[in-house]
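In: I would like the atomic coordinates for the input below:
(one chain, ligands or ions: 1)
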Amino acid sequence: MIEEIKKVELELKEHLSNLRSKEDLENFRNTFLVKKGKIQQLFDRMRELPKEEKPLIGKLLNELRSFAENEFKELSEKIHHLQKKETKIDLTLPGRVDYIGHRHPIYQTMERMVQIFVDLGFNVAEGPDIEDEYHNFDALNFPPDHPARDMQDTFFIKSEKKLLLRTHTSPVQIRVMHSMKPPIRYIMPGRVYRNEAISARSLAEFHQIEGLYINYNVTFAELKGTMIEFSRRMFGENLRFRFRPSFFPFTEPSAELDISCFLCNGKGCRVCKHTGWLEIAGCGMVHPNVLKAGGIDPEEFTGYAFGLGIERVAMLLTGIDDIRKFYENDLRVLFQF
Ligand code: DAH
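Out: Coordinates of the predicted model:
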């Protein structure tokens, strides 16, 4: 009997050393561990043994059975684990991409615009987003009852009657004038706020670049030259220009600048609304009242100023026709630029 137990034990170990798969494992169980398996068969034969041999054989068989059961348990876990791991690796999946962050298209546009003006000799200044009525309106020659001051356009700060979110970058003109003497040649980029309904064309937060040049005998011709040179560098050499008379409280005379549509070459397309022209800036000669508010003598100095919308330029350059797309943070959009 002992011989036979040894034989089964050897056979069992042989099985174990060749065991590779779930099927092998099942096979092992069916051979040794089930009710009609080889171990139980040995147990069954204990009945035939003389009494005095029973304890020893019983002990050996019990040992063999727990050995087999333990091995079975361990190997099942191992194989289960391995298979789980295997099914986790799907070689057909696309690889993971490590995204490297980059500047937002609005800031890229702003930086290009700023760089062009810097190349033209402008310095860069910034002012606060939270402004007061004096810098945002009064000093810029807005009459007290001007509609732009209306609660509907301006975000006033509740607790402080005179504080508001700046509605344009023009108040930085006043801050620059107060901080230095002419000649002054500055651009002032920044974020501005208006209480406007959000649509494909407008947001309540957007960006502008303000320009200001003050010196002796500054003329409208210099303003035109600067705007034309900027536009050529930004949008291309072969543009035509149109300075349309306009009105702003802080400039006199005032104009709006149109450039011929660089997408259709002025023939008319969806972007220029079939007019052949794109409006890109407001500008004019600094109003004497504004110079005075800035502490500069309008009898001695003259100046020009301009304001450009950055989102507008970014839309033209990227072909994005809904301004909201810039701020939805959809990486499929942002990673194209
Ligand atoms: N501040 C004006 C706006 O937000 C834009 C503008 C127009 C600025 C003419 C200027 C200017 O400096 O001369 O609509």
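In: switch to C-alpha atoms for all contacts and neighbour counts from now on
Out: OK.
In: For the stretch 51-200 of the chain, which residues are neighbours of the ligand?
Out: 168, 170 (C-alpha under 6 Å from any ligand atom).
In: And Ile187, how close does it get to Met110?
Out: From Ile187 across to Met110, the span is 11 Å (C-alpha to C-alpha, to the nearest Å).
In: These two: which has the busier surroundings?
Out: Comparing Ile187 with Met110 by other C-alpha atoms under 10 Å, the one with more neighbours is Ile187, at 27 against 21.
In: So the residue nearest to the more buried one when sequence neighbours are not counted: helix, strand or coil?
Out: Among residues not flanking Ile187 along the chain, Gly211 sits closest, at 4.3 Å (C-alpha to C-alpha, 6 or more residues apart in numbering). Secondary structure assignment for Gly211 (DSSP: H, G, I helix; E, B strand; the rest coil): strand.
In: measure Gly211 to Glu133 for me?
Out: 20 Å.
In: ditto for Phe156
Out: Phe156 is 9 Å from Glu133, by C-alpha to C-alpha.
In: same question, Ser21
Out: 80 Å.
In: Could you do Ile296 as well?
Out: Counting by C-alpha to C-alpha, the separation of Ile296 from Glu133 is 20 Å.
In: So which of Ser21 and Glu133 has more stuff around it?
Out: Glu133 (18 against 15).
In: Would you confirm that that one contacts Lys162?
Out: Yes. Taking contacts as C-alpha atoms under 8 Å, Glu133 lies within contact range of Lys162: 5.5 Å.
In: now the lengthiest helix in the chain: mean pLDDT?
Out: Criterion DSSP state H: the longest helix present in the chain is helix 54-88. For helix 54-88, mean pLDDT rounds to 81.
In: Can you spell out which helices and strands pack onto that helix?
Out: In terms of contacts (3 or more C-alpha pairs under 8 Å, 6 or more residues apart in numbering; DSSP states H and E), helix 54-88 is packed against helix 2-17, helix 22-28, helix 38-44.
In: okay if I get those helices as a markdown table plus mean neighbour count, distance to Ile100 and mean pLDDT?
Out: Formatted as a markdown table, those follow (neighbours: other C-alpha atoms under 10 Å; distance: least, C-alpha to C-alpha, whole Å; pLDDT from 0 to 100):
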| stretch | mean neighbour count | distance to Ile100 | mean pLDDT |
| --- | --- | --- | --- |
| helix 2-17 | 14 | 50 | 83 |
| helix 22-28 | 15 | 44 | 82 |
| helix 38-44 | 16 | 63 | 84 |
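In: Cys269: which of those is closest?
Out: helix 22-28 (68.2 Å; C-alpha to C-alpha).
In: how about the strands in the stretch 151-300 of the chain?
Out: For the stretch 151-300 of the chain, the strands defined by DSSP state E, counting those that start in this stretch cover 163-165, 184-193, 205-215, 241-248, 251-260, 277-286.
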